[in-house]
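[1] next comes the sequence, and after it the predicted model I'd like to discuss.
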Amino acid sequence: MMNKNKITLLLCICAMSLSYLSAFATSKVTSPNGRLSLLTGVDASGKPYFELLRDNKSVIKKSYLGVSLKDGQLFEDFKVTKTSRNQLDETWQQPLGEELNIRNHYNELTLHLQQNKDKKRMMNIVFRLFNDGMGFRYVFPKQANLNQFTIIDEKTALTLPWDASAWTIPTEGTHYYEGLWTKAPISEKPTVSTPITMEVNDSLYLVFHEANLTDYATLNYHPQKDQNGQVILSSELTPWSNGDKVYAATPFVSPWRTVIVGSTIADITASRLMLNLNEPCKIKDTSWIEDGKYIGIWWAIHMGDYTWSQGEKHGATTANTKRYIDFAAKNGFKGVLVEGWNWGWDGNWGAEGDKFNFTKAYPDYDLDSLQHYALSKGVRLIAHNETGGSAKNYEQQLDSAFALYQRLGIRTVKTGYVNDKMDNLELQHSQYGVRHYRKVIETAAKYQIMIVNHEPAMPTGLNRTYPNLISGEGVRGQEYNAWSQDGGNPPYHLCIVPFTRQLAGAIDYTPGIFNFENKAVPQSHPQTTIAKQLASYVVIYSPWQMAADKIENYEAHPALSFIQRVPTNWQESRVLNAELGKYVTIARKERNGNNWYIGGLTDQDPRTLTLHFDFLDNDAQYEALIYSDGEGADYRTNPYPLAITQKRIRKGDSLQLKLAPSGGFAIELKKIN
Ligand code: NOJ
């Protein structure tokens, strides 16, 4: 294992203690700093429950737990046979991330449960309390009366002490998690996907999500009020086509159900509990897993200039790809994404993805020679594998395709699943889809391939275990600014995403559009200024970050220099200011360096933001290169004015920045002494 990836164990106390107690006793576990406490046990009907408090005030009220099986139930008639405790304090390092060192510090309590009647089945519930929240999971031990089983429903039902505002996207009718996030009292929401971000009050923010989703159905929550007017979030698992939720065999564990508890909006972005609830890295040598920036034959296709399929307007030709490789080499981009290089695009691919071939290039695309050409220039091609949703067809070709790419020196593959259903039958977020995505990541790791997954399962921290899962979509990305009939992503969109979707993991948003003209769909274009496009490189986290525009739009553009220099892997990250849905400023320190990068952006309202540089090193000077909205910049009328200024900054200094309507700023802070 590489040094940078080495797990540093600062302090590990694995003190396991068991206690045997009376059936209805309540057990308590607290977070390491003592602020959060969790009470758990079973009630008079043997129903397992828990309750979460912060500073002795209820955050989640008595909430019931369990699952329904096809041949029985595991949600009542339980007694607690014993409890066991554990704790851990370790610090581990991630090869790529918003932060290098991740502290994993928790107290754990396990309820060991057994049913009194019938088959006397056993189930355990493990709770982990961190300073920034909690996770719990169901454990189904090996036992005579529970072997293969089918979960038809999860009974996790979280009772909230209040009806507060939540930012969500609905589960139904939101394709590939590409909806616009909206805010409303949680009780007014339909069934929603996770993450769910709740603004309870000025000092309480909650995020509901899951961790370690590897062989289970995706979690959604259905909010409703009970007869007492209490809001309950009932879990609703994404089903298989026959309505079943999960097929399992003991021993088996569910994913973790997570709740981040923060006092500020910045707290929720700093939480790493979802990563901590995944298993440590399974890839021994991670030296091939790298971050970087890429360009691609992509935006021009979405704008209708080129086609994916072969023909007169084919984009992925040998000559055109060479042009992109030359530009990448000249301007320091590591990768060139090529879409439409392989057979399958001219079929009825949306519905019959089984025609895609992932090893055979179109006749006008010379895969071998292009790859040699790219490598000779220090650039790598990024292969695109659009499956059209045909998981089976893709799985049959995974080994041969990834072996070919490895031989050719291709290290990154962008996958895609554009179709309502996988294999025309199963939902992408069902256990069927989750198993498929996992298989792709594991197979890719064998061939040293990194995956950028479009139309993905919502990330749940699996990149701790498989850091080759480099980034993903699962967001309404830049592409909507090319063809969405509603005009593109609204100005407030990126003021929400860092506090919702981004809490789940890295996003391949594909920023960096500099030319906002759109002949194909004139009403659509980025509803931002150029400076806001630059700001996105810091605000949106992705270890592979695209410069999405056509290369001709970058030639000699003064803003390109920021994209060239902004890093994609970070030592630490912090939110400097934010109001959810209105504005956000994020500062990130480069990995293994001294320089900081700051991105700030606003919704449709112009505003002045004041930055306080209290996070810089003592007694050091920094040269700030500031890219901000120029005179007259306005996303509606003139998105182009950009001011580039320089300034010396020291710790403790403040800086006022004016943001245009849907504008932004990007700053490079170079430490000079
Ligand atoms: C949707 C993806 O998000 C986009 O990036 C890609 O170009 C198309 N599918 C075609 O695969």
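    That came through, no problem. Since the structure is predicted, the reported quantities are computational estimates derived from the model, not experimental observations. Numbers count the residues shown, from 1 in each chain.
[2] closest point of the stretch 51-200 of the chain to the ligand, which residue?
    Closest residue of the stretch 51-200 of the chain to the ligand, C-beta to the nearest ligand atom: Y176 (7.9 Å). Every C-beta, even on glycine, is put in place using the N, C-alpha and C of the backbone.
[3] I'd assumed G474 was in contact with that residue.
    Yes: using C-beta atoms under 8 Å as the test, Y176 is close enough to G474 to be in contact (6.7 Å).
[4] what pLDDT does the residue of the stretch 51-200 of the chain closest to the ligand get?
    In this prediction, Y176 carries a pLDDT score of 97.
[5] got it, and A328?
    Listed pLDDT for A328 reads 98.
[6] show the contacting residues for it.
    Residues near A328 by C-beta atoms under 8 Å, 6 or more residues apart in numbering: 294-295, 334-336, 377, 379.
[7] stretch 412-421 vs the ligand: in contact?
    Yes: for a cut-off given as C-beta under 6 Å from any ligand atom, stretch 412-421 has contacts with the ligand, namely 416, 418.
[8] please give the centre-to-centre distance between that stretch and its chain.
    Computed by C-alpha atoms, centre = their mean, to the nearest Å, the chain-centroid distance of stretch 412-421 equals 16 Å.
[9] and if you look at stretch 77-91?
    29 Å.
[10] show me what counts as buried in that stretch.
    Residues of stretch 77-91 classed as buried: 77-80, 83, 86-88, 90 (neighbour count, 16 or more other C-beta atoms under 10 Å).
[11] and if you look at stretch 95-102?
    Buried residues in stretch 95-102, counted by 16+ other C-beta under 10 Å: 95-100, 102.
[12] which among those residues gets closest to W299?
    Within the buried residues of stretch 95-102, the smallest distance to W299 is 24.9 Å, found for L96 (C-beta to C-beta).
[13] thought that closest one was touching W288?
    No: if you go by C-beta under 8 Å, L96 and W288 don't touch, sitting 11.9 Å apart.
[14] burial of N116, as a residue count?
    11 (other C-beta atoms under 10 Å).
[15] surely it touches E76?
    No: checked against C-beta under 8 Å, the pair N116 and E76 is beyond contact range at 9.8 Å.
[16] shared neighbours, the two?
    G46.
[17] would you pull up how far the lengthiest helix in the chain lies from the middle of the chain?
    For the chain, the helix that runs over the most residues, judged by DSSP state H, is helix 391-408. Offset of helix 391-408 from its chain centre (C-alpha atoms, centre = their mean): 25 Å.
[18] buried sites along that helix?
    391, 393-395, 397-398, 401-402, 404-406, 408.
[19] ok, back up a step: what's the overlap in contacts for Y176 and G474?
    With C-beta under 8 Å, 6+ apart, Y176 and G474 have common neighbours 455-456.
[20] quick check: end-to-end length of stretch 592-608?
    32 Å (C-alpha to C-alpha, to the nearest Å).
[21] can you tell me the element H105 falls in?
    Using DSSP states H and E, H105 sits in strand 101-115.
[22] give me the mean pLDDT for that strand.
    Strand 101-115 comes out at a mean pLDDT of 98.
[23] repeat for stretch 191-201
    98.
[24] tell me the buried residues in that stretch?
    191-200.
[25] which among the contacts of A328 gets closest to the ligand?
    The ligand lies nearest to Y294 out of those, by C-beta to the nearest ligand atom, at 12.4 Å.
[26] residues making contact with the helix or strand harbouring that closest one?
    Applying DSSP H and E as the criterion places Y294 in strand 292-297. Strand 292-297 is contacted from outside by 306, 315-316, 320-321, 324, 327-328, 332-340, 382, 412, 543-548, 551, 563-564, 568, using C-beta under 8 Å, 6+ apart.
[27] what do you get if the cut-off is 7 Å, keeping everything else the same?
    Strand 292-297 is contacted by residues 306, 315-316, 320-321, 324, 327-328, 333-339, 382, 544-547, 551, 563, 568 when judged by C-beta atoms under 7 Å, 6 or more residues apart in numbering.
[28] re earlier: quick check, the residue of the stretch 51-200 of the chain closest to the ligand in a strand?
    No: counting by DSSP: H, G, I helix; E, B strand; the rest coil, Y176 is not part of a strand but helix.
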